[in-house]
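Asks: take a look and give me a structure for this.
(3 chains, ligands or ions: 6)
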Amino acid sequence: MSPRELTFHIFRYDPETPEVKPHTQTFKIPEEPAMTLFVALNKIRDEQDPTLKFDFVCRASICGSCGMLINGKASLACKTLTKDLPSDITLFPLPAFKLLGDLSVDTGTWFRDMSVRTESWIHTDKVFDETAQEEKMDDDLSLEIYEAERCIECGCCVGVCATANIRPNFIGATGINRVSRFMLDPRDKRDEQEYFEVVGNDDGIFGCVGLMACDDSCPIGVPLRGQLAYVRRKMAVAGWHRK
Amino acid sequence: MNSYDITTTDVLVVGAGLAGERAAVAAAEAGHNVIILSLIPPRRSHSSAAQGGMQASLGNAAMGKGDNPDVHMYDTVKGSDWGCEQDVARMFVETAPIAVREMAHWGVPWSRVRNEKRMYEGTEIVEDPEKVGLINARNFGGTAKWRTCYTSDGAGHTLLYAMDSIVIKLGITVHDRMEAIELIHDGERCYGVVARSLRDGELHVYIAKTTVIATGGFGRLYAASTNAIINDGGGVAMALNSGVVPLGNMEAIQFHPTGMVPSWILITEGARGEGGHLLDKDGYRFMPDYEPKYKELASRDVVSRRIMQHIRAGHGVESPYGPHVWLDIRHLGEHRINTYLREISTIARTFAGIDPVKELIPVRPTQHYTMGGIRTNKDGKVYGLDNLFSLGESACWDLHGFNRLGGNSLAETVVAGRIVGKKIAEYTNDATLEVKSNLIQEHVNKVSARMDAIRARGKNGENWVDIRKEMQMTLELDVGIFRTGEHLQHAVSKLSDLYERAQNVGLMGGGGQGADPELVNAMRLPGMLKLALTIARGALERKESRGSHFREDYPKRDDENWLKRTLAYWPEGAKLPELKYESITITEIPPGDRGYGESSGKK
Amino acid sequence: MYLQKALTKSIRTDFIVEMVQMVSGLLLVLFLWTHMVFVASILLGQSSFGALAGFMDKYELLPVTVVVLIFIFAAHIGAIMRHLPARWAEQKVAWRHAKMIRHKDTWSWLFQIVTGFGILLFAFIHIVAVTYGGISVSLSKGRIDNPGFLIFYAILLLMSEYHASVGLYRIFVKWGFVNRHRLDRVLGVVTLLMLVIGFVTLGVFLTLKVAGGGVA
Ligand SMILES: Cc1cc2nc3c(=O)[nH]c(=O)nc-3n(C[C@H](O)[C@H](O)[C@H](O)COP(=O)(O)OP(=O)(O)OC[C@H]3O[C@@H](n4cnc5c(N)ncnc54)[C@H](O)[C@@H]3O)c2cc1C
Ligand code: HEM
Ligand code: HEM
Ligand code: SF4
Ligand code: F3S
Ligand code: FES
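Replies: Ligands and ions are numbered 1, 2, ... in the order given. Below you'll find the model as predicted:
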């Protein structure tokens, strides 16, 4: 069986040269066994166009660098096998993030800002005591926290969310999931009203209109629908109680 | 004149992995102004890829009962094949439990001891009810006790996220997509770095009282590595370029027997632990021929060596990615694979499109960790330049000697971050900020001259892709698991040629404007070759076998002549690294038998 | 925090508006279904329909319903406006985005917006027609016999049922009480049922021989 020839249609745009209009460029390469988009894109860059911009770090679906739209579906390029795709492959950068060039977007700034706004750290008055044993925690609870913490900040859920594309301040499913992670954690001493101030608004949970593209796209399988609903219910109760 | 931004700060940390961030936190807590530079957003650093866990002798798990820093110390020293600094190891093992608990305080959802019985290798494990809810530990190679604390399959991820949350909480400035390329120094003291933005290609100068390098490992010098693709040693090369900073034990490179072809993603030892076999191209199980007693379950370095030996004998499976062998777990049955080896089957399915229930997994020993790096004293202070510190995988603090134990490097990042971070804070208290502007200009000019030269050569220059590939293949083939004088000599001369060619690297694509990725890579190339040469030359000169450094022509450990650490310098204008040696600090455990591997005499 | 935001906005506003949106949506669904039962009473015979119409007449329920309905509509629209791609540029982003990611629930949201505005227009005409034209078996038949009005009703029916079904789906999904894909199917069946009843009713009206010389 002779290998397929893959035709890539890749979005090209360099903000440094705005006079060149955004366009898609076509590249052809022969498919290899077990080829991922990581391998394919590097091949294109090494052999055909060394100026092509894209981001990979771990190439093992761990670091979240390589989210992009692959034939319209947001996913991690490094874990996408070409054999699961048709021979025509269209690649676009993730929407909603600042475009740095070609397939590369600035997720770092977005996520740092989200973390600051949701105050994504353990809030506690306790001072760490070097001599003390750690506080106990039920293993099931630690698993539950880890389930939310598995998010790798790839931004796929943000890129596909129409709301996030229209409203730059919306923290997205990943932001709401982040808040749920701290809500679950008994080490964080914030009460429901403090969380309400963080996410009980249109930039937070009440900005979500339930499009569920996030839930359909998370490459890690973070249970986003459940996390969104959990936070929504908690925040409704908090909103109800609020004076 | 070239224009550039100048930013001043108290402490400048290059690298936003666990090590860099922990040190930054320590400095910020002491009231210093801190800026972190990173190639990528901090949470994408390779620390997040560690799945296994970190070692700390808490002794909570039933199988870790009775564990304490002394046992941990002994495992670590033995693992290092007596190559480590024992005073460093002592500090490390004493601090590791505190570091783990501190990370719990900061939010890591460590897996906890569960109130349930379970079977392991035919024996029943019953947890102590008193310990239920405390931080749990799992089994790792080379340890006498179960000591590796973990969070399901995401220890590094949860550690890094918790650490970064503290960085954010403290409001520490992070400049991501900012590559440090040149130390600003006058031969005695370091004043900061010249960096280049990967967003727009602009140069930036960072001036600091104290500069810290925590840029991680450099596995990507090899063709096949389990490392992230950004792990190409830029920070370490930057230190070496100063001409006065030595790198320690660069020849100490760890290989893991089962990296999956062609992505080189790690397949854990568990697959063989559960009873997986290694097969050659004829489907023949070859390990029993080489290691009749331990077969596939001999120690990591031994298995790696045997696989390569077999491939060299022509029994490897040919593939577009080079020869490999097969890992066969089919006989374990669907149930066992999908329950106990779930991670492996997910990785095989996702990255190779292979169902390990029915198919063979292509594997080959793969570069995994760099024990060597920027040589520091036990405070993390770099040799040769004042006001400069280093820690984490980029440093040779020397906790690992010639072989790192699994789980000790994550622990090293946070432990060293605590210890070295405090020292950095103290040191910065006394430091002043004064730098001559022409010194800055000199270093900026040096960098822009290099860039201009590359741009000017354009298509007439060398293609960085070709040189990098040749370098990677040279290290892979000649400075791999098996080393001989002949191959190492070949590697040194080949790499020297490549280093010469790298001086003439050009651009095949655009004009190298803005953040052109080609210019970025071309700029890195000479530094990578320098590192490659320190590895090859160090290995060539070290005429013994110790830990991961195995010389076929000198298969025994030689404490009489070689109980010492290699220091590699690269004086200005030199074509090869200059090697010196220093003695190893042995405070409590004199060299002895490791009890595994060839150096113990069992072959 | 910005000055104007700090001065004007109660922190609960977004929450309250969200609740208004949901409750008004639910009330409208309730109305739609009740309304369907009312109109479909013709299936049980002209007398049932006539009786209901007479009942409404007798207690002056029509103006009350209209007023209440206007309130609910206003609340619903008011609450919803804040989520909509309001500016033209945002509209373009939303539509291009949906095309790019080819995602079903995103499309259905855009259709919800379109049908919402369609309903607004159509329902206005319809309500004017029934309030000023009056309601009785023959009056209603008279309208439905007009092909223009028939098509108008068919479109209004489709839009309303689609909008209500998607709206319900969204509420359930957002609050997270049920499995998404099973919910999809249940609501699909319900909607289909309502459509069938609606069209059969229209058919019955068409084929109707008005008894008693057109007197309700
Ligand atoms: C697949 C894999 C699994 C592992 N599993 C385990 C395990 O289970 N247990 C264990 O103990 N260890 C494990 N390790 C090893 C361990 O993960 C690493 O040694 C450790 O995380 C290194 O941390 P670090 O902070 O030193 O560097 P890194 O986390 O690699 O961070 C380096 C940082 O430096 C930055 N940087 C690099 N160059 C520059 C530059 N020129 N300018 C600016 N910034 C720069 C990068 O952006 C990054 O932020 C594993 C390693 C691998 C590859
Ligand atoms: C028969 C009349 C109507 C019914 C039964 C109805 C029902 C609903 C319901 C149940 C929802 C879901 C509410 C939520 O998610 O909380 C909804 C949402 C919506 N409605 Fe209506 N509605 C009606 C009329 C209208 C009109 C006239 C408009 C137009 C302006 C409109 C526009 C919308 C929009 C755009 C949404 C989506 C809002 C969002 O999720 O943010 N609806 N509707
Ligand atoms: C006060 C408000 C309303 C009254 C009194 C009313 C009354 C009626 C009556 C009497 C009919 C029968 C046909 C006719 O007489 O022309 C009818 C049909 C219909 N109405 Fe209304 N209506 C009201 C509001 C609405 C609203 C708000 C909607 C949509 C959102 C709606 C949608 C329909 C539809 C789709 C039909 C056709 C029924 C079918 O398909 O069988 N109505 N209505
Ligand atoms: S929730 Fe999932 S899709 Fe969203 S950023 Fe995290 S990993 Fe990516
Ligand atoms: S796609 Fe967006 S609107 Fe809500 S359900 Fe997901 S965040
Ligand atoms: S490169 Fe890290 S997730 Fe794809």
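Asks: where does chain A get nearest to chain C, residue-wise?
Replies: A:Ala229 (2.2 Å; Cβ to the nearest Cβ). For glycine as for every other residue, the C-beta is placed from the backbone atoms N, C-alpha and C.
Asks: report all helices and strands that the one helix or strand B:Ala348 maps to contacts.
Replies: Assignment of secondary structure by DSSP states H and E places B:Ala348 within helix B:342-352. For helix B:342-352, the helices and strands in contact under the criterion 3 or more Cβ pairs under 8 Å, 6 or more residues apart in numbering or on different chains; DSSP states H and E are strand B:253-260, helix B:270-273, helix B:334-340, strand B:361-370.
Asks: ok, which of those comes nearest A:Ile62?
Replies: Relative to A:Ile62, the nearest member of those by Cβ to Cβ is strand B:253-260, separated by 14.2 Å.
Asks: ok, that closest one: who's next to it in the sheet?
Replies: The strands beside strand B:253-260 in its sheet (DSSP bridges) come out as strand B:265-266 (antiparallel), strand B:361-370 (antiparallel).
Asks: please render the ones you listed as CSV that adds distance to ligand 2 and mean pLDDT to the earlier fields.
Replies: Converted to CSV, the strands paired with strand B:253-260 look like this (distance: least, Cβ to the nearest ligand atom, whole Å; pLDDT from 0 to 100):
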stretch, distance to ligand 2, mean pLDDT
strand B:265-266, 41, 90
strand B:361-370, 47, 94
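Asks: which residues does the nearest residue to B:Ile40 once chain neighbours are set aside contact?
Replies: Across the structure, with Cβ to Cβ, 6 or more residues apart in numbering or on different chains as the measure, the residue nearest B:Ile40 apart from its sequence neighbours is A:Val57 (5.6 Å). Contacts of A:Val57 were listed using Cβ atoms under 8 Å, 6 or more residues apart in numbering or on different chains, and they are A:63, A:65-66, B:40, B:44-46, B:228-230.
Asks: closest one to ligand 4 among the helices and strands packed on helix B:342-352?
Replies: strand B:253-260 (22.5 Å; Cβ to the nearest ligand atom).
Asks: and the angle for that closest one with helix B:342-352?
Replies: Put simply, strand B:253-260 runs at 80 degrees to helix B:342-352, going by axes from the mean of the first three to the mean of the last three Cα atoms, to 10 degrees.
Asks: strand B:253-260: how far from the chain's middle?
Replies: What separates the centre of strand B:253-260 from the centre of its chain is 12 Å, taken as Cα atoms, centre = their mean, to the nearest Å.
Asks: wait, does it make contact with ligand 1?
Replies: No - residues of strand B:253-260 are not located near ligand 1 by Cβ under 6 Å from any ligand atom, the shortest gap being 8.3 Å.
Asks: and that strand, what's its mean pLDDT?
Replies: Taken as a whole, strand B:253-260 has a mean pLDDT of 92.
Asks: ok so, going back, kindly provide the distance from the residue nearest to B:Ile40 to ligand 3.
Replies: 52 Å (Cβ to the nearest ligand atom, to the nearest Å).
Asks: next: B:Thr350.
Replies: Counting by Cβ to the nearest ligand atom, the gap between B:Thr350 and ligand 3 amounts to 48 Å.
Asks: next one: B:Ala252
Replies: Taking Cβ to the nearest ligand atom, one finds B:Ala252 at 76 Å from ligand 3.
Asks: now name the helix or strand holding the residue in chain B that chain C sits nearest to.
Replies: With distances taken as Cβ to the nearest Cβ, chain B approaches chain C most closely at B:Gly171, which sits 17.3 Å away. Counting by DSSP H and E, no helix or strand carries B:Gly171.
Asks: how close does it sit to ligand 1?
Replies: Counting by Cβ to the nearest ligand atom, the gap from B:Gly171 to ligand 1 is 19 Å.
Asks: tell me the pLDDT at that residue?
Replies: 96.
Asks: looking at the helices and strands packed on helix B:342-352, which is nearest to B:Gly192?
Replies: Ranking these by distance to B:Gly192, with Cβ to Cβ as the measure, places strand B:361-370 first at 25.2 Å.
Asks: which SSE is immediately downstream of the closest one?
Replies: Toward the C-terminus, strand B:361-370 is succeeded by strand B:373-375 as the next helix or strand (DSSP H and E).
Asks: show me what the helix or strand following that next one is in contact with.
Replies: Counting by DSSP H and E, the element after strand B:373-375 in chain order, helix or strand, is strand B:388-390. Residues outside strand B:388-390 that contact it (Cβ under 8 Å, 6+ apart): B:23, B:183, B:185, B:190, B:210-214, B:239, B:245, B:373-374, B:376, B:379-382, B:420, B:423-424, B:427.
Asks: identify the residues contacting the residue nearest the centre of chain A.
Replies: Centroid-nearest residue in chain A: A:Gly155, 2.1 Å away (criterion: Cα atoms, centre = their mean). Applying Cβ under 8 Å, 6+ apart to A:Gly155 gives the contacts A:64, A:67, A:94, A:96-97, A:105, A:107, A:110-111, A:174.
Asks: now with 7 Å?
Replies: Under the criterion of Cβ atoms under 7 Å, 6 or more residues apart in numbering or on different chains, the contact list for A:Gly155 reads A:67, A:94, A:97, A:107, A:110.
Asks: for the third one, give me its contacts.
Replies: Read that as A:Phe97. Neighbour list for A:Phe97: A:105-107, A:110, A:155, A:159 [criterion: Cβ under 7 Å, 6+ apart].
Asks: ok, 10 Å please
Replies: Residues touching A:Phe97, when contacts are defined by Cβ atoms under 10 Å, 6 or more residues apart in numbering or on different chains, comprise A:67, A:104-111, A:155, A:158-159, A:164-165.
Asks: closest to B:Thr474 out of these?
Replies: Distance to B:Thr474 across the contacts of A:Phe97 (Cβ to Cβ) is lowest for A:Ser104, with 30.7 Å.
Asks: how is chain B carved up into domains?
Replies: In the domain annotation for chain B, the residue ranges read B:254-366, B:447-562 (automatic domain parsing).
Asks: no, scratch that, I was asking about chain A
Replies: Using automatic domain parsing, the domain ranges for chain A come out as A:5-105, A:118-126+A:133-240.
Asks: which of these sits closest to B:Glu462?
Replies: Proximity to B:Glu462 (Cβ to Cβ) singles out domain A:5-105 among those, at 12.9 Å.
Asks: take the contacts of A:Phe97 and write them to TSV, including pLDDT, distance to C:Phe31 and secondary structure.
Replies: Shown next, in TSV, are the contacts of A:Phe97 (pLDDT from 0 to 100; distance: Cβ to Cβ, whole Å; DSSP: H, G, I helix; E, B strand; the rest coil):
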residue	pLDDT	distance to C:Phe31	secondary structure
A:Gly67	98	43	strand
A:Ser104	97	51	strand
A:Val105	97	45	strand
A:Asp106	97	47	strand
A:Thr107	97	45	helix
A:Gly108	96	49	helix
A:Thr109	96	47	helix
A:Trp110	97	42	helix
A:Phe111	98	44	helix
A:Gly155	98	41	coil
A:Val158	98	37	helix
A:Gly159	97	38	helix
A:Ala164	95	33	helix
A:Asn165	95	33	helix
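Asks: for those, which one is nearest B:Cys84?
Replies: A:Gly108 (35.6 Å).
Asks: skipping its backbone neighbours, what lies nearest the closest one in space?
Replies: If you skip the residues right next to it in sequence, A:Gly108 has B:Pro41 as its closest partner in space, 3.1 Å away by Cβ to Cβ, 6+ apart.
Asks: tell me, how many residues neighbour the one you found?
Replies: B:Pro41 is flanked by 25 other residues according to other Cβ atoms under 10 Å in any protein chain shown.
Asks: okay, the helices and strands packed on helix B:342-352 in TSV with distance to C:Leu192 next?
Replies: Rendered in TSV, the data for those read as follows (distance: least, Cβ to Cβ, whole Å):
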stretch	distance to C:Leu192
strand B:253-260	49
helix B:270-273	51
helix B:334-340	40
strand B:361-370	49
